[in-house]
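>>> Provide a 3D model corresponding to the input given below.
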Amino acid sequence: MDYGSLQDLFGEPVTTSATGKPQRASEVPAAMTIVTADEITKSGARTIPDVLNRVAGIDVLQWTSSNADVGIRGYNQGYNPRLLVLVNGRQVYQDFYGMTLWSSIPVQLSEIRQIEVVKGPQSALFGFNAVSGVINIVTYSPFYDDVGTVEATLGNLGQKEFSFVKTLKLGTRGGIRLSAGGWDMDTYGTNTSTNWAKFYDKKSSSRTASLDSLFQITPDIQAGLETTWNSINEFGIASSGEYVRNDYKTYSIRGNLKANTRIGLLEANAYSNNLDVNLGSRVSFVNTKMRSNIVQLQDLVKLDDRLTTRIGLEFRDISMKSYPVRGATNGYKNYALSNMFDWQATTDLSLTLALRGDHTALYRDGPRPYPFTDTDYERSFNSFSYNAGMVWRVTANDSLLLTTARGISSPSLIELRNNSVTAPSPNSLLISGNPNVDPSVTTSYEIGWRHMIDDINGFGRLSVSHQKTTDLKFVNLSSPKLINGYRVFLLGDNLGSTQAWTLEAELQGKLDAFRWNLSWMWMDTEDAIKISNLLIGENYEKSNARNTVKANIGWDSGPWSTDLLLLWKSKTYRYLQDGSNKTLFEVNPGLMTQASVGYQVTSDLRISLSGANLLKDETRLTPAPKAERRVWATVSYKL
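Have a look, this model is predicted:
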C-alpha cells in the first residue's frame, strides 16, 4: 500500500487497516488517532511507549528507564495482556501471556511512517487479543518510499543508542528496507530494597535487526518477505506485582502475497514468531521456548459503488515447551472465520458491521499432565466477537460516531500450560495451568462527537464509552483446589468481572507557529472480583486513574522546533511484591513533563536535546523505584 500517495491525495494521514479502504481517522468506524512521523521526530521520544504517552486515553506505566507497559482506557498492569500490537499487520505481542515486550519490537523510530491507535474492543475488525484496543505501527515501504537515517543518542543513566535505516531499490520492480539498532542504559539509581538488587541493579540492553522486502511481480500482484531478530535484557513488573528480570530473544519470518483479481483484492499472509524466554524472579524461574505460526487469508470485494465486504480466514498454532524439565509441549490451534460489511449508505452516512467466530482446540504432547488427564487437554471451545459502527457527518464540520463491540481475550499459554513430565508424589501441592479456564469477554458501547474548528485550524472531540469484562482470568491463590487427589493452585481461573464508564474530551489546534493539544479523561471503575485483591495483585477500582489530563504544546520556526508535554493523573494504588510481602502502594506523581528542542542544521542533519521527569530529581511513577530526571541528546542524519 502506497501510504505516501494516499496521504498526498487526502491531504492528511490515512489508514487502510480497519476496513481495507483508505480512510481519514475521523471516517473510521472506531475511535482512532494517527501519530505521524513528524510528530514522533519533534517529540524527542526514544521509545514507542514514550510516543503513545501523548495520546488521549493512553496510559503508560514506566517501570524503569527502559521498560514500560501500555494500556488503552485504563486496566493497565504489568505484562498487560489486553492489547493487539501490530507492525505492518504482523502481531508483535507475545502469545505466552498476551503481553507486549515493547523493547523487543523490531522497529527503529526513524522507520515509522505512522502509529495508529484504535480504542475499544476490535476483535472482529483486527483479530486476536484486541480486547481494549489496537496499536498498529506502519513503517516506510521498501518499495514505494526512499528513506535512510542514521541516529546516535547519548544521555545520563549511561544511555547509549544507535540506529540505522535504509531503503534500497532493486531495479524497477522491487525494494528492500534494512534496519538495525541497539541501546544500553542503567536503571534508575533509586532502589533501596535488597530483595530487588540482583534483579534491578543491572544495565538494560536491546539489540534489533530487520529486513523487509516488497516486489511487484506483475501489475496486479505483489509479494513480500520479512525477517526480524531482537535480544533484550531488562527489569520489569509482572501482573501480580512481582519484580522480574526479563531476558528475551525474538525472531520472526513472514511472507505476504497480494493480488488484484476479478473476485477482489486477495491477500495471503503467513508468519512464524519465535520467543526464547529466560525470566527470573525471587520465587520462580522460567526458561522456555514459544512459537506462534499464523496463516491469514482475506478477500476484499467491492460489491457495488457503496458496499464493500471483506471475508477472512485465520489459522493459529501456538505452542510452548515445558520447564524447568523438557519433555512436554502445551499449545492450542485456533481457526477463525470473519466477515465485514462496509456500507456508504449516503454521502454523509456510513455503516460497518464485522463478525468473527473462533474455534480453539487445546493440545498437549508428553506424559500425563498431573493433576489433570490427557482428556482434559483435548478440550475445545468456541467464541464470537463483533464490531458495529456508524459514522454520520451531520454537517460539514460535525461528525457523530456510534459503536458497539464484543472483544475476546482467550486464555494464554501461561494460564493453560502444564509442566508435568513425571508423576508427583501423593498429596503433593501442585501449581498448574488450567485447561478449563474460559475466555474473558469485553463488551463496549461508545458515542463520540467531533467538531472541526476553522478558527484554530483544529478540532474538538468528546466521547462517552462503557465497557464491561466478564470471566476475568487470574492466578487463583485463594486456596488449593482438590483435583484427582492433588491439591492445586491454578495459574488461570475465571474470578469475576469489572466495568467502567469513560469520558474523553480533546481539543487540538494550530495557530501560526504554535501547535497544541489538550485532553482530559475521566474514568469510573467498578469491580466484582471473587478473590482477595491482595492475592491476585490487582484492584482496578484503585489502579485506574479517575482523572488524567495531558497538554502538549509545540513551536516551529525556521530550523527550530520545540515540544512540551505536561501530564497529570489523579492518585492511584498498585500492588507491589517486595520479598515475601505484597502491599498496596500509593502512586501520586503530580505533574510530569517531557520536552524536546530540535534544530535542523542542514536539510539532512538534525540535532535535538530532550528530557523527561524534568520537574523533580525523583518522581514516583509506579510502585517500582522512583524515576530519575533524564536528559539525552540525539544526532540524526538522512542518507
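
>>> what's the helix or strand hosting residue 336 packed up against?
Assigned by DSSP states H and E, residue 336 belongs to strand 329-344. Counting contacts by 3 or more CB pairs under 8 Å, 6 or more residues apart in numbering; DSSP states H and E, strand 329-344 is packed against helix 123-126, strand 307-321, strand 349-365, helix 413-416. To be clear about C-beta, it is placed using only N, CA and C from the backbone, and glycine gets the same treatment.

>>> weakest of these in terms of mean pLDDT?
Among these, helix 413-416 has the lowest mean pLDDT, at a mean of 90.

>>> what about residue 263, neighbour count?
Using other CB atoms under 10 Å, residue 263 has 8 other residues around it.

>>> point out where this protein drops to low pLDDT.
1-2, 6, 8-10, 201, 282-284, 579-580 (pLDDT under 70).

>>> pick the most buried one from the helices and strands packed on strand 329-344.
helix 123-126 (a mean of 27; mean count of other CB atoms under 10 Å).

>>> helix or strand next in line after that one, which one?
Following helix 123-126 in sequence, per DSSP H and E, is strand 133-139.

>>> show the subsequent helix or strand relative to that next one.
Following strand 133-139 toward the C-terminus (DSSP H and E): strand 148-155.

>>> can you give me the helices for this structure?
3-10, 37-43, 48-52, 123-126, 197-200, 413-416, 533-536, 540-543 (DSSP state H).

>>> wait, which of these is closest to residue 327?
helix 413-416 (16.4 Å; CB to CB).

>>> packing partners of the closest one?
Helices and strands touching helix 413-416, by 3+ CB pairs under 8 Å, 6+ apart, are strand 307-321, strand 329-344, strand 486-494.

>>> ramachandran angles for the most far-flung residue of the chain relative to its centre?
For the chain, the largest distance from the centre (CA atoms, centre = their mean) belongs to residue 426, which lies 43.1 Å off. When quoted as degrees, to the nearest 10, the phi and psi of residue 426 stand at phi -60, psi 140.

>>> from residue 379, how far out is the closest residue to it other than its chain neighbours?
Closest residue in space to residue 426, ignoring its immediate chain neighbours: residue 485 at 7.2 Å, by CB to CB, 6 or more residues apart in numbering. Distance from residue 485 to residue 379, counting by CB to CB, to the nearest Å: 21 Å.

>>> again with residue 123
In terms of CB to CB, residue 123 sits 21 Å off from residue 379.

>>> any idea how far the residue nearest the centre of the chain is from residue 91?
Centroid-nearest residue in the chain: residue 85, 3.8 Å away (criterion: CA atoms, centre = their mean). For residue 85, the distance to residue 91 equals 7 Å [CB to CB].

>>> returning to that earlier point: contact partners for the residue nearest to residue 426?
Counting by CB atoms under 8 Å, 6 or more residues apart in numbering, residue 485 touches 371, 426-427.

>>> do I have it right that residue 4 meets residue 144?
Yes. Assessed by CB atoms under 8 Å, residue 4 is found in contact with residue 144 at 6.1 Å.

>>> now do the buried residues in stretch 277-296.
277, 279-282, 286, 288-292, 294, 296 (16 or more other CB atoms under 10 Å).

>>> now, the residues you listed that are in strands?
277, 279-281, 286, 288-292, 294, 296 (DSSP state E).

>>> now do stretch 451-468: distance to the chain's middle.
Remark: stretch 451-468 is offset 24 Å from the chain centroid, using CA atoms, centre = their mean, to the nearest Å.

>>> repeat for stretch 348-364
The answer for stretch 348-364 is 19 Å, by CA atoms, centre = their mean.

>>> now do stretch 250-261
Stretch 250-261 sits 21 Å away from the centroid of its parent chain (CA atoms, centre = their mean).

>>> flag every buried residue along it.
Buried residues in stretch 250-261 (16+ other CB under 10 Å): 250-252, 254, 256, 258-259.

>>> likewise stretch 191-201?
In stretch 191-201, counting by 16+ other CB under 10 Å, buried: 191, 196, 199-200.

>>> pick out the most distant pair among those residues.
Counting by CB to CB, the most remote pair of the buried residues of stretch 191-201 is 191 and 199, 9.5 Å apart.

>>> now do the strands in the stretch 401-550 of the chain.
Under the criterion DSSP state E, counting those that start in this stretch, the stretch 401-550 of the chain contains strands at 429-432, 440-453, 458-470, 473-483, 486-494, 496-511, 514-529, 547-557.

>>> can I get those strands in TSV including distance to residue 235 and mean neighbour count?
Shown next, in TSV, are the strands of the stretch 401-550 of the chain (distance: least, CB to CB, whole Å; neighbours: other CB atoms under 10 Å):
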stretch	distance to residue 235	mean neighbour count
strand 429-432	24	16
strand 440-453	28	18
strand 458-470	29	18
strand 473-483	21	18
strand 486-494	23	20
strand 496-511	28	18
strand 514-529	28	17
strand 547-557	25	17
